[in-house]
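Novice: coordinates only, no sequence provided:
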């Protein structure tokens, strides 16, 4: 399970202005002023030159003000709820995987159980607010 994120990760200044998000300017020029004041272009992990025609810059959604990020996450959660529920696995698939696991030697089963506990611990840590890197290190 990964951390929640909105459907659109990278935004141009024009897209941000069009989206009319909380605590964000409603014009492209206003967004560009916010970008300059915040030094967004200097944050290499969250700013990139836009590929393709027209160029320009794109910015990661995590640079946005808190209320704008909250709105994006809320919209993503609503969209996920409305999506048709998919069964991750059928009972037949589950039974087949369980039978394959039971056929393994005890050493392989022990290793699989250990790895499952590690993955579950990392998932729990990320849900509590740590980044994935911090959770893995922990």
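Specialist: Arrived safely, thanks for sending. Just so it is clear, the model here is predicted, and its values are computed rather than measured.
Novice: relative to residue 80, how far out is residue 50?
Specialist: Counting by Cβ to Cβ, to the nearest Å, the separation of residue 50 from residue 80 is 28 Å. Every C-beta, even on glycine, is put in place using the N, C-alpha and C of the backbone.
Novice: more neighbours: which of the two?
Specialist: Counting neighbours by other Cβ atoms under 10 Å for residue 50 and for residue 80 shows that residue 50 has the greater number, 13 against 10.
Novice: could you point out the longest helix in this structure?
Specialist: Among the elements of type helix in the chain, defined by DSSP state H, the one spanning the most residues is helix 106-127.
Novice: give the rounded mean pLDDT of that helix.
Specialist: Per-residue pLDDT values across helix 106-127 average out to 86.
Novice: which secondary structure elements does it contact?
Specialist: Under the contact definition 3 or more Cβ pairs under 8 Å, 6 or more residues apart in numbering; DSSP states H and E, helix 106-127 sits against helix 132-137.
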